[in-house]
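1. how would this look folded up:
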Amino acid sequence: MKRTDKIWRLIPLVIIGLYLNYKFIKDSDNVFILDLYVEFAISFIFLISLIATILRDKKEYKLTKSNSSFLPTIVGLLFVLSFFVTNYLLTARDKSPILIQANYDGGFNGCGFEFREDGTYKFFNGSGLGVDYFRGNFTIKDSIITLDKSDIDNVIKSKFLAIRPYQNSDTTRTKIIFQINDKHEIEDKDFGFIVNEDNRKIKGSW
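-> All right, here's what the predicted structure looks like:
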């Protein structure tokens, strides 16, 4: 077998493998429904290419008895391993337990926060077609949350948030997170994030 044959078996695996890892990282915080179909299609092409490469490598090994025949297969399997490692590292960003989770339901559109115990937050803003994620750090003191930025996707326009109690007419009690200014005044009383989960250990909290 010519050396160029092995190179041509490697080229598609390397190109597709690198592109897939790039897509996994790039789309991890920007999920669009069409991107999911694209990633599935590319993953399927990579799988077919890997299977074809394994079969060709086995055929070459039978003729040459050289372990180097499986170099393309090894490279392909290393890319498979890299996919799992990439996914693990991306998932590990949200490993810390949720401290507070709140969201705003706008019907077709929606947005919300996940504040975690390690001092990081994830803000999502999306619709039925996809969702964008924005990450950063925060500090919390009593009911005041301070973000590391004051502008997030043109939705969050203040770095200060306040957790306020709210009671519906049916006596249901809950909490809402509002954006506030540096004087602790609510910026927009009609736009708040309903707190669905609050795991803070506060004396007398409800």
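2. tell me which residues are up against the longest strand seen in the chain.
-> Using DSSP state E to define each element, the chain has its longest strand at strand 130-141. With contacts defined as CB atoms under 8 Å, 6 or more residues apart in numbering, strand 130-141 is touched by 28-33, 35, 93, 99, 115, 119-126, 145-149, 152-153, 200. C-beta here means a position set from N, CA and C on the backbone, and glycine is covered the same way.
3. stretch 118-125 now?
-> Contacts of stretch 118-125 (CB under 8 Å, 6+ apart): 93-94, 96, 109-116, 131-139, 147, 152-153, 155-156.
4. same thing but 7 Å
-> 94, 96, 111-115, 131-139, 152-153, 155-156 (CB atoms under 7 Å, 6 or more residues apart in numbering).
5. buried subset of these as a ChimeraX selection?
-> Under the burial definition 16 or more other CB atoms under 10 Å, those of those that qualify are selected in ChimeraX by:
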select :111,112,113,114,115,131,132,133,134,138,152,156
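6. mind listing the strands the worst-scoring helix or strand of the chain on mean pLDDT pairs with, and their directions?
-> Taking mean pLDDT, DSSP states H and E as the measure, strand 30-32 is the helix or strand of the chain with the lowest mean score, a mean of 84. If you go by DSSP bridges, strand 30-32 pairs up with strand 130-141 (antiparallel).
7. quick check: mean pLDDT across the partner strand?
-> In this model, strand 130-141 carries a mean pLDDT of 94.
8. what about that strand, distance to the chain center?
-> Between the centre of strand 130-141 and the centre of its host chain there is 12 Å, according to CA atoms, centre = their mean, to the nearest Å.
9. adjust the sequence numbering to begin at 28 for everything that follows.
-> All right, first residue 28 from here; so that's strand 157-168.
10. after that strand comes which helix or strand?
-> strand 171-174 (DSSP states H and E).
11. partner strands of that following strand, with direction?
-> Partner strands for strand 171-174, per DSSP bridges, with pairing direction: strand 157-168 (antiparallel), strand 187-194 (antiparallel).
12. make a markdown table from those and add distance to Arg83 to it.
-> A markdown table is the format used below for the strands paired with strand 171-174 (distance: least, CB to CB, whole Å):
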| stretch | distance to Arg83 |
| --- | --- |
| strand 157-168 | 38 |
| strand 187-194 | 58 |
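13. out of the ones you listed, flag the one nearest Glu214.
-> Nearest of these to Glu214, taken as CB to CB: strand 187-194 at 9.1 Å.
14. got a list of contacts for the following helix or strand past the closest one?
-> Later in the chain than strand 187-194, the nearest helix or strand by DSSP H and E is strand 200-207. Residues from elsewhere that reach strand 200-207 (CB under 7 Å, 6+ apart): 129, 183-185, 187-194, 213-215, 219-222, 225, 233.
15. host element of Leu40?
-> Going by DSSP H and E, Leu40 is in helix 30-53.
16. off-centre distance for that helix?
-> 24 Å.
17. now do the buried residues in that helix.
-> Under 16+ other CB under 10 Å, the buried positions of helix 30-53 are Lys33, Arg36, Leu37, Pro39, Leu40, Ile43, Gly44, Leu47, Asn48, Phe51.
18. many thanks, we can stop here.
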